[in-house]
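Q: Everything below, folded, please.
(chains A and B)
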Amino acid sequence: MSLSRGRRFVLLAGVVVLGALCVAGLAHSLMAQRRLPGIWESYSDAINRQLQRGDGEGALRQMRLVVDLSVDDPAKVERVLEPMASLARELGRRDDELCALRQMVLRRPKEVGLRERLAEVLLDQQSPPRSDLREAATHAEMAVMLDPRSVRGWSSLSRVAGAMGQQAESREFSERAQRIAQSAAPSAPVAP
Amino acid sequence: MSTTALTNGHGNATSVGPSGRPLARALAGRPFVGAAFDHLVIGGGLSLVVLAVVVARPEGSAAVLSVGLAWGVFLSNSAHFASSTVRLYTKPGAFTDFPFLTAVLPILSIGVLVACLAFPQMLGANLIKLYLTWSPYHYAAQAYGLATVYSYRAGCILVPAEKRVLWWVAMLPALYAVLVGNGLGVQWLAPAGWLDGPVPSALLRGAGLILPTLGFAAPLAFVAWLWSRPSGPPPVIAPLILLTNAAWWFVLSPLQAFAWATIFHGLQYLAIVAIFHAKDRAARAEGRVPAWKHVLPFYLTCVAFGWLLFNVLPHAGTAMGFGMVESVLVVTAAINVHHFIVDAYIWRLGRNDGNRRIVDAPPVASASAEATA
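A: Predicted coordinates:
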């Protein structure tokens, strides 16, 4: 094997870097988990560990990767969605919250509560862009179609109509929401 | 399919194809290890049996997967990725034949890995989609390569036009995955919203309907076509390899394909790479050494190196402050891409390459001579 000096240097550098990375990996696994790296690393375990360390941002970034790439069993991906939406809300990461909610709606399209939530998150901003208003309207319409007594659905429709300058429709939807809320339990929330 | 009954030198009637090779021998081919091993492991016959069970009993197979997937991936898939690197560095003459692969590519791969870890959503996610898109092509190219090698060994010498047809037949499952695969291929590369147009969506829907049928019919049609040509029929293992790859992509759901196909693809690869390694070593060894003495250390090295790459390296990512999920995903993608690149070179059958000597064999010429005598 006759290699030029330059090529030998590059080859040696590769071996040294890879070796150093492996040593760092072994050391980290031994220190953090007190064991050698196992043959299977569960994504949810890794995310939970990160959460236990209080690294919410890091955990959220990893949840987003799992969801965006759908790299896991669909059932496992689905289990990530609810914690991801809650964590994103807690950290004020609206994009990630929307991503999780949209994925949940895709998986459970007939769940009224999810449609209501997604419409509200889309509307919870200073001046929602038209695309968000349209998407919120779609989910709110779907919510009231699935459950005509959906107070949150009618309230969101009222907010969409208001934001689009359709004041008469906005009032009508708002009154409808209030009527339903009053006829239901006294504690039912009504959006202003 | 024309076969001719001739009388061989011993006065027995022997059915021969247009190539003059006795039909039975032409179809049986020349296995590397033994007919059963080659057809079941390299040809993928075993995976077809498992596939039938998976389709018939999806719940049972899911239970088996939940217990055995980790070990299957560890012993087969991870080891197979490592094996291309182990083969590269143990292949005689590799350092001089492949200076870029042996010296530059590893350090380049590590650089890409670190960059993708630093920017997981911008770079890492795209590296992952690149490897997911490249994988079906890699499987198809392996099927094409193995089908060609087995045909060649059986004395079915394919002319360039026949090789081109075989290549396209082998590529059908890859084309399907790239066109209709969720989140990869065209879905990854096409500009946002472009595929929602009526023409692209109709074309993709059509491809999704036609390609599975074509993927199963084409290998059989290829055999029929070849049978009528001077090359004669390829050995059974050649279409078997193509049909197995088609079954992995067309019959299994994407998740099942990910789990089962990677294990069996790894097994197929490990078998063939171990055979080439053992034959290289045997050619250089003094005296007669049993094949397992070459194969076992090679396989154990691959398993150990696979563990370092897939299970230890991600912890280096976490040691540097990256999350475990992004480390695992990006490390996996980088290893895959490295493997695909290495693989494209180490199997070449150049005239003076050691691979050619292993594949080269006295053709079934002796048999055809016998038949035409």
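Q: could you say which helix or strand contains A:Leu3?
A: Per DSSP states H and E: A:Leu3 is located in neither a helix nor a strand.
Q: Check the spacing between it and A:Leu122 real quick.
A: 61 Å (Cβ to Cβ, to the nearest Å). Every C-beta, even on glycine, is put in place using the N, C-alpha and C of the backbone.
Q: Point out where chain B drops to low pLDDT.
A: Within chain B, the ranges that satisfy pLDDT under 70 run B:1-20, B:66, B:254-255, B:258, B:361-373.
Q: between A:Leu3 and A:Leu122, which one's more packed in?
A: Higher neighbour count among A:Leu3 and A:Leu122: A:Leu122, with 27 against 16, using other Cβ atoms under 10 Å in any protein chain shown.
Q: what distance separates stretch B:55-74 from the centre of its chain?
A: 22 Å (Cα atoms, centre = their mean, to the nearest Å).
Q: Correction: the previous question concerned stretch B:267-276.
A: The answer for stretch B:267-276 is 10 Å, by Cα atoms, centre = their mean.
Q: Which residues does that stretch contact?
A: With contact meaning Cβ atoms under 8 Å, 6 or more residues apart in numbering or on different chains, stretch B:267-276 is reached by B:32-33, B:37, B:41-42, B:44, B:46-47, B:76, B:79-80, B:83-84, B:87, B:142, B:146, B:295, B:298-299, B:302, B:355, B:358.
Q: So which of those residues reach chain A?
A: Among the contacts of stretch B:267-276, no residue is within reach of chain A (Cβ under 8 Å from any Cβ of the partner chain).
Q: Please enumerate the helices of chain A.
A: Here chain A has its helices, by DSSP state H, at A:5-33, A:43-52, A:56-69, A:74-91, A:94-107, A:112-123, A:130-146, A:151-163, A:167-183.
Q: Among the contacts of stretch B:267-276, name the ones in helices.
A: B:37, B:46-47, B:79-80, B:83-84, B:87, B:142, B:146, B:295, B:298-299, B:302, B:355, B:358.
Q: Can you report how many residues lie near A:Gln166?
A: 14.
Q: Need phi/psi at it.
A: phi -100, psi 80 (degrees, to the nearest 10).
Q: Could you pull up the residues touching the residue nearest to B:Ser47 when sequence neighbours are not counted?
A: For B:Ser47, ignoring the flanking residues on the chain, the nearest one in space by Cβ to Cβ, 6 or more residues apart in numbering or on different chains is B:Phe264 at 3.7 Å. Contacts for B:Phe264 (Cβ under 8 Å, 6+ apart) come out as B:44, B:46-47, B:50, B:76, B:244, B:248.
Q: Name the member of those with the most neighbours.
A: B:Gly44 (28 neighbours).
Q: Show the contacting residues for the most centrally placed residue in chain B.
A: In chain B, the residue lying closest to the centroid (Cα atoms, centre = their mean) is B:Gln142, at 3.0 Å. B:Gln142 makes contact with B:245, B:265, B:268-269, B:343 under the criterion Cβ under 8 Å, 6+ apart.
Q: and if you look at A:Val121?
A: A:Val121 neighbours (Cβ under 8 Å, 6+ apart): A:94, A:97-98, A:101.
Q: Now the buried members of these.
A: By neighbour count, with 16 or more other Cβ atoms under 10 Å in any protein chain shown, those hold A:97-98, A:101 as buried.
Q: would TSV of those with pLDDT and distance to B:Leu105 be doable?
A: Output for those, formatted as TSV (pLDDT from 0 to 100; distance: Cβ to Cβ, whole Å):
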residue	pLDDT	distance to B:Leu105
A:Glu97	95	41
A:Leu98	95	40
A:Leu101	96	42
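Q: Buried among the contacts of stretch B:267-276? Make that a PyMOL selection.
A: Buried subset of these, written as a PyMOL selection, criterion 16+ other Cβ under 10 Å:
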select buried, chain B and resi 32+41+42+44+46+47+76+79+80+83+84+87+142+146+295+298+299+302+355+358
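Q: ok, and the closest non-adjacent residue to B:Trp167?
A: B:Tyr144 (5.4 Å).
Q: what's the answer for B:Gly183, then?
A: A:Ser70 (6.4 Å).
Q: unless I'm mixing things up, that neighbour is touching B:Gly181, no?
A: No - in this structure, A:Ser70 is not within contact of B:Gly181 by Cβ atoms under 8 Å, at 11.3 Å.
Q: what's the burial count for the closest residue to B:Pro92 other than its chain neighbours?
A: If the residues on either side of it in the chain are set aside, B:Pro92 comes closest to B:Gly354, at 5.5 Å by Cβ to Cβ, 6+ apart. Neighbourhood size, B:Gly354 [other Cβ under 10 Å]: 19.
Q: Quick check: B:Gly354 touching B:Gly93?
A: Yes - in this structure, B:Gly354 is within contact of B:Gly93 by Cβ under 8 Å, at 7.1 Å.
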